[in-house]
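Chemist: Just the structure for this:
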Amino acid sequence: MTNALYYGDNLEVLRRYVKDETVDLIYLDPPFNSNQDYNVLFAEHRGARSAAQVRAFKDTWRWDQMAALAFQESVERGGKVSEVMQGFRRIMGMSDMLAYLAMMGPRLMELHRVLKPTGSIFLHCDPTASPYLRLLMDAVFGPANFRNEIVWKRSQPKSHTTIRLSRVHDVIFFYAKSEDAAFYHEYEVHDPAYVKKFYKYVEEKTERRYELGDLTNPNKHRPNLKYEFPPKSGVVRVWRWTKDRMTKAWKEGRVILPEGSKVVREKRYLDEMPGTPVTDWWGDIEHLHGSQQERLGYPTQKPEALLERIINLGSKKGDVVLDPFCGCGTTVVVAQRLKRKWIGVDITHLAVGLMKHRLQSSFGRRVKYEVIGEPKDLAGAKELAQTDPYQFQFWALGLVGARAIEQKKGADKGIDGTLYFHDEKTGGKTKQIVLSVKAGKLAPSYLRDLRGVLDREEAEIGVLISMEEPTRAMLTEAASGGFYESHWGKHPRLQILTIAELLKGKGIDYPPSEQVNVTFKKAPKAKPPDDENGSLEFEDET
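Modeler: I've put the predicted structure just below:
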């Protein structure tokens, strides 16, 4: 299925939902703890740790039982990947770096499976892991299918250190599935110094800038292209063009005889040139910083311009783009804007919720997609609450558009999520809604605790989201909390919402969300497409 967000482990999603050779382009930016000490990444870890759970915004590749099983799976499948993985084991031992590579091995093999023969893959990584990922990619896709090691200057130089040069770049490995892979050239804007040097002529009437190009043919053995031009000038050359084409261009003023010269030249206008061909060094795409509108606060967010270039290099309109580590959804948003079909996968409900919010902010009702792996009913919600309370909390908060509080276990101070809003005509003070999520049995003390948090935080509204139905005593306690008044009326300061009510469409009672909610920074609105009906939708394919 395309135009779909999948919640879950991308390895399982790929195996279960994505068919062989159905994807045109893959971009992946696997999480990696590049800030961790280099020596720690390669230190051996003896004994098993508890299974690592990937949490929002955290890089958690660890050598544990899950990593050991992934390593064993890659080795037992045989072939080049098995040989490379065994080599890694001999070099780096049972380290976190080996865990990272062991997790990547089977995922890259699945990505190879789903990629069309005409498809390509772009793997984004930092220089710490890039040498090993290059070997792993060679094993999966074959050295002959390596196309480029792209260097992206992602940041400005940091302050000087005494032990190394400042690290300012990422690496993007570009591999084709086969020699039949599609490739579409991209161009960047000419450097002003280049324009000034080479396009130094300007037409007076049109103010169009141009250069003069050579029309003589370096191949002297072309008698069919040897003739006198301009006519009766006595200048005979072997030209690049036929005489008919040369004569036509002369009449149109595209071929001229410069002053003081005897040989005609071609006018090549700057505004007709596509630009400078993109190379494997990308220094023209600015990294994201706080002042840019598209920055949403996601730590590993990449610029839309970066994904736009990659998607344009390897796909055309209507092609399928896959991102198995979707994060905050830059790939799917850009793919949607460029009229590609897309598949996005992430292992946290928080990321999926962010992607849904971003798609809505960017495209509104014009975008249609499916979310696979989220609870659709109460039974599914109960199963998630039992198997993974942490992800249940993210999912429940996403139902009301709240932002999760990312804090250490036991340090949440009674707050699981927040909503912020402005309900005064001139903006005014930022108002707050605090939320608490309970997956188990309810107790009246939960509501009393929430009331204390409400007063402590000086918030306007407190909401308890629960799996179970509240008791009569809890409803009475909530009713005694009073009201917050806005231009839209009175809103209970203490509210209880059950998962069953949320699944039926009930929401928090507060001023209209679409007018006042400022919880998440809104993504820039996507420009309407240039087709006739303005639609961003595609026919779904399964």
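Chemist: Summarise which helices and strands the strand or helix carrying Phe392 is packed against.
Modeler: Assessed by DSSP states H and E, Phe392 sits inside helix 389-399. The contact analysis (3 or more Cβ pairs under 8 Å, 6 or more residues apart in numbering; DSSP states H and E) places helix 389-399 against helix 349-363, helix 378-387, strand 403-404, strand 431-438, strand 461-466, helix 499-503. Every residue, glycine included, has its C-beta placed from N, CA and C.
Chemist: what ranges of the protein fall below the confidence cut-off?
Modeler: The model of the chain has pLDDT under 70 over residues 33-60, 159-162, 290-291, 297-298, 406-413, 425-427, 519-525, 527-542.
Chemist: Can you tell me the centre-most residue of it?
Modeler: Thr330 (3.0 Å; Cα atoms, centre = their mean).
Chemist: what's that residue in contact with, if anything?
Modeler: 301-304, 307 (Cβ atoms under 8 Å, 6 or more residues apart in numbering).
Chemist: now swap in Ile499 and tell me
Modeler: Counted by Cβ under 8 Å, 6+ apart, Ile499 has contacts 378, 381, 396, 399, 465-467.
Chemist: Helices along the stretch 151-300 of the chain, start to end?
Modeler: All helices of the stretch 151-300 of the chain, identified by DSSP state H, counting those that start in this stretch, fall at 192-198, 243-252.
Chemist: quick one, longest helix in the protein?
Modeler: Ordering each helix of the chain by length in residues (DSSP state H) puts helix 96-114 first.
Chemist: Output the contacting helices and strands for it.
Modeler: Using 3+ Cβ pairs under 8 Å, 6+ apart: helix 96-114 touches helix 10-17, strand 23-28, helix 38-41, helix 65-76, helix 79-92, helix 130-141.
Chemist: highest average neighbour count across the ones you listed?
Modeler: The highest mean neighbour count among the helices and strands packed on helix 96-114, using mean count of other Cβ atoms under 10 Å, belongs to strand 23-28: a mean of 25.
Chemist: Could I get the CA-only coordinates of that one as CSV?
Modeler: What follows is strand 23-28, C-alpha atoms only, in CSV (Å, rounded to 0.1, in the frame of the first residue of the first chain):
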residue,chain,number,x,y,z
VAL,A,23,9.7,0.8,-4.8
ASP,A,24,11.5,3.3,-7.0
LEU,A,25,13.6,5.2,-4.5
ILE,A,26,14.6,4.6,-0.9
TYR,A,27,16.0,7.2,1.4
LEU,A,28,17.1,6.2,4.9
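Chemist: Paired strands for that strand, with orientation please.
Modeler: When pairing is defined by DSSP bridges, strand 23-28 lines up against strand 115-125 (parallel), strand 320-323 (parallel).
Chemist: Touching it from outside, list them.
Modeler: Against strand 23-28 from outside (Cβ under 8 Å, 6+ apart): 111, 114-116, 118-124, 182, 307, 310-311, 314-315, 319-325, 331, 340, 343.
Chemist: ditto for stretch 250-264
Modeler: 212, 215-216, 229-230, 233, 235, 237, 246, 249, 265-267.
Chemist: now those residues as CSV including distance to Lys441 and neighbour count?
Modeler: Formatted as CSV, the contacts of stretch 250-264 follow (distance: Cβ to Cβ, whole Å; neighbours: other Cβ atoms under 10 Å):
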residue, distance to Lys441, neighbour count
Leu212, 83, 17
Leu215, 86, 17
Thr216, 89, 14
Phe229, 94, 20
Pro230, 95, 16
Ser233, 99, 12
Val235, 97, 15
Arg237, 93, 17
Met246, 89, 21
Ala249, 85, 17
Arg265, 86, 16
Glu266, 82, 17
Lys267, 81, 18
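Chemist: May I see these arranged in JSON lines, with distance to Ile26 as well?
Modeler: As requested, these are exported to JSON lines (distance: Cβ to Cβ, whole Å):
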{"residue": "Leu212", "distance to Ile26": "44"}
{"residue": "Leu215", "distance to Ile26": "44"}
{"residue": "Thr216", "distance to Ile26": "46"}
{"residue": "Phe229", "distance to Ile26": "52"}
{"residue": "Pro230", "distance to Ile26": "55"}
{"residue": "Ser233", "distance to Ile26": "58"}
{"residue": "Val235", "distance to Ile26": "55"}
{"residue": "Arg237", "distance to Ile26": "51"}
{"residue": "Met246", "distance to Ile26": "47"}
{"residue": "Ala249", "distance to Ile26": "45"}
{"residue": "Arg265", "distance to Ile26": "46"}
{"residue": "Glu266", "distance to Ile26": "42"}
{"residue": "Lys267", "distance to Ile26": "43"}
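Chemist: wait, what's in contact with Glu110?
Modeler: Contacts of Glu110 (Cβ under 8 Å, 6+ apart): 11, 14-15, 18.
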